[in-house]
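A.B. asks: sharing a sequence plus its predicted fold:
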Amino acid sequence: MFKNLHASFLEAIDNFKYELRKEPTFENSLDLTNEMQEKIKDARKLIGQLRSDIRQCLNQTEKEAGEIATCRRRKRLALDVDDDETARLADEYLVKHQRNRIIYEQKTAVLKDELLMREDELQLMFDMLNEVGQKNRDSRPSNSTAESLHTGKEESDENLADFEAQEGKTFQHRILDE
């Protein structure tokens, strides 16, 4: 009798250890849906930050282009009056601002690429959320669970519609206004 009790106890410990090592699972699909919606909110926030960073880089690029024009003008004026020192300084600043403009243009291009990547990821998240919602409706859970899942699905659909309306374009038309 004690041998069976001991074996059962060891088996229970092994099962407990196994459960501890397993990845955390969601108790129900509503937890999964809520977690997915949180990830979508985070992704939307990141996309907003990327758009802000792109606008900032574009503004900085324009500023550098203005500085380049100013340096060229100063260099030309200095050469017209035979002021070699001012022409040399204007040329040094011209090179500096040209380099800066190139860096900001490259940074803008990289940020745009990241924005496209993040938008693709966000679209995938929305698709997965909708798939989970569809699976939940297909499995026909109890009425209270079904109602809460349906509400969560409606919220995710509204979030997608709000996001697309906010951006004024669909994910298939990713043209960043410059």
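C.D. replies: The structure has been received and is ready for your questions. Numbering: from 1, shown residues only.

A.B. asks: host element of R73?
C.D. replies: helix 29-80 (DSSP states H and E).

A.B. asks: er, A87 I mean
C.D. replies: helix 84-138.

A.B. asks: got the angle between that helix and helix 29-80?
C.D. replies: Angle between the axes of helix 84-138 and helix 29-80 is 170 degrees (criterion: axes from the mean of the first three to the mean of the last three CA atoms, to 10 degrees).

A.B. asks: against which helices or strands is helix 84-138 packed?
C.D. replies: Helix 84-138 sits against helix 29-80, helix 143-167, with contacts defined as 3 or more CB pairs under 8 Å, 6 or more residues apart in numbering; DSSP states H and E. Glycine gets a C-beta too; all of them are placed from N, C-alpha and C.

A.B. asks: out of these, which gets the lowest mean score?
C.D. replies: Mean pLDDT is lowest for helix 143-167 out of the helices and strands packed on helix 84-138, coming in at a mean of 48.

A.B. asks: buried residues in stretch 105-124, which are they?
C.D. replies: Residues of stretch 105-124 classed as buried: E105, K107, T108, L111, K112, L115, R118, E119, L122, Q123 (neighbour count, 16 or more other CB atoms under 10 Å).

A.B. asks: might you report the residue contacts of the residue lying closest to the fourth one once chain neighbours are set aside?
C.D. replies: Think L111. Nearest residue to L111 in three dimensions, chain neighbours excluded: I54, at 4.8 Å (CB to CB, 6 or more residues apart in numbering). Residues in contact with I54 (CB atoms under 8 Å, 6 or more residues apart in numbering) are T108, L111, K112, L115, L176.

A.B. asks: how about the first one, what does it touch?
C.D. replies: T108 is in contact with I54, C57, L58, T61, counting by CB under 8 Å, 6+ apart.

A.B. asks: report the buried residues of stretch 81-92.
C.D. replies: Buried, per 16+ other CB under 10 Å, within stretch 81-92: A87, A90, D91.

A.B. asks: and if you look at stretch 36-51?
C.D. replies: Neighbour-count burial for stretch 36-51 [16+ other CB under 10 Å]: M36, Q37, I40, A43, R44, I47, L50, R51.

A.B. asks: want to try CSV for the contacts of T108, with distance to R74 as columns?
C.D. replies: Formatted as CSV, those follow (distance: CB to CB, whole Å):
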residue, distance to R74
I54, 30
C57, 26
L58, 25
T61, 20
